[in-house]
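K.L.:
Build the 3D model from these lines:
(one chain, ligands or ions: 1)
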Amino acid sequence: MNDVLLSATNLTKSFGGFVAVDDVNLHVKRGQIHALIGPNGAGKTTCFNLLTKFLTPTHGTISYKGHDITAMSPADIARLGIVRSFQISAVFPHLTALENVCIALQRQRGDSFDFWRSQKVLLQFNDEACALLEDVGLSEFRDVHAADLSYGRKRALEIATTLAVDPDMLLLDEPMAGMAQADVERISELIRRISVNRTILMVEHNLSVVATLSDTISVLARGKVLAEGDYATVSQDARVIEAYIGEDHG
Ligand SMILES: Nc1ncnc2c1ncn2[C@@H]1O[C@H](COP(=O)(O)OP(=O)(O)OP(=O)(O)O)[C@@H](O)[C@H]1O
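P.N.:
Sure, this is the predicted structure:
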């Protein structure tokens, strides 16, 4: 299956006797935006942490481009081109948006950031950093300190620092969490824009965002994949409706 970039086979995670992720099979196709949704406690975060190697599975395998990556560390898979946003993209609050992206670019070139280095070293990344800031709609905020950006713009900056790594695959953990509606629209548009030539897997609670952005949706409930398909398909699935209604009633 050439068009599958990331896949999980029989993925299982138990905490003590409790099975949080139960025999999950997931196939993320190249070039798609794939969403993982489900009611509270469904196992989305655990699944996401397994796929990004922050947790070790009790059982099952994960492969990327056909290679088994089950035993790899997050740093190893980042080198393969799978990047979890808001992970390596720590934003330095007292540096400007431009400086933050320059540092991310410098890190990508293999140097660790050294605060004692001269500004000149960072300046060589200026043009590339400006282009990334433009990509995420932050051109006019390039000289603003990250701490002074709105929440949504901070997330856009985090995405710019993630894009500095030029990943093939981006894993986004609730990109819209805590955002005002105007920011939700801006970040949705941004995710759509950066998805060109990339593959995105995201955990997201905002169903209208999921509906408009996703090519494929996997619905988890009680650790298992309940349904999979496009939004029209999964939103009409009786088991999915029941799982969400069940959540509303307790
Ligand atoms: N480290 C842990 N130890 C024990 N149980 C855990 C641990 N992490 C998660 N769980 C349990 O596993 C289940 C799934 O949790 P998870 O956070 O993956 O769900 P979720 O779908 O992301 O939920 P939410 O939408 O509420 O964030 C929950 O019942 C949770 O209590």
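K.L.:
C-alpha from now on. contacts and neighbour counts both.
P.N.:
Will do.
K.L.:
Run a quick neighbour tally on the residue nearest to residue 55 when sequence neighbours are not counted.
P.N.:
Nearest residue to residue 55, sequence neighbours excluded (Cα to Cα, 6 or more residues apart in numbering): residue 49, at 5.4 Å. Residue 49: 17 surrounding residues under other Cα atoms under 10 Å.
K.L.:
How about the secondary structure of residue 49?
P.N.:
Of the three states, residue 49 takes helix according to DSSP: H, G, I helix; E, B strand; the rest coil.
K.L.:
I'd like the distance between it and residue 130.
P.N.:
32 Å (Cα to Cα, to the nearest Å).
K.L.:
Same question for residue 193.
P.N.:
Counting by Cα to Cα - residue 193 and residue 130 are separated by 17 Å.
K.L.:
So the residue nearest in space to the middle of the chain: helix, strand or coil?
P.N.:
Nearest to the mean C-alpha position of the chain, counting by Cα atoms, centre = their mean, stands residue 172 at 1.5 Å. Per three-state DSSP, the secondary structure class of residue 172 is strand.
K.L.:
ok, for it, nearest residue in space, not its chain neighbours?
P.N.:
Residue 172 sits nearest to residue 202 (Cα to Cα, 6+ apart), 4.5 Å away.
K.L.:
Can you get me a residue count around that neighbour?
P.N.:
With other Cα under 10 Å as criterion, residue 202 counts 23.
K.L.:
can you check the one 10 residues further on too?
P.N.:
A count of neighbours around residue 212, defined by other Cα under 10 Å, yields 11.
K.L.:
cool, and residue 124?
P.N.:
13.
K.L.:
List the residues that contact residue 169.
P.N.:
81-83, 198-201 (Cα atoms under 8 Å, 6 or more residues apart in numbering).
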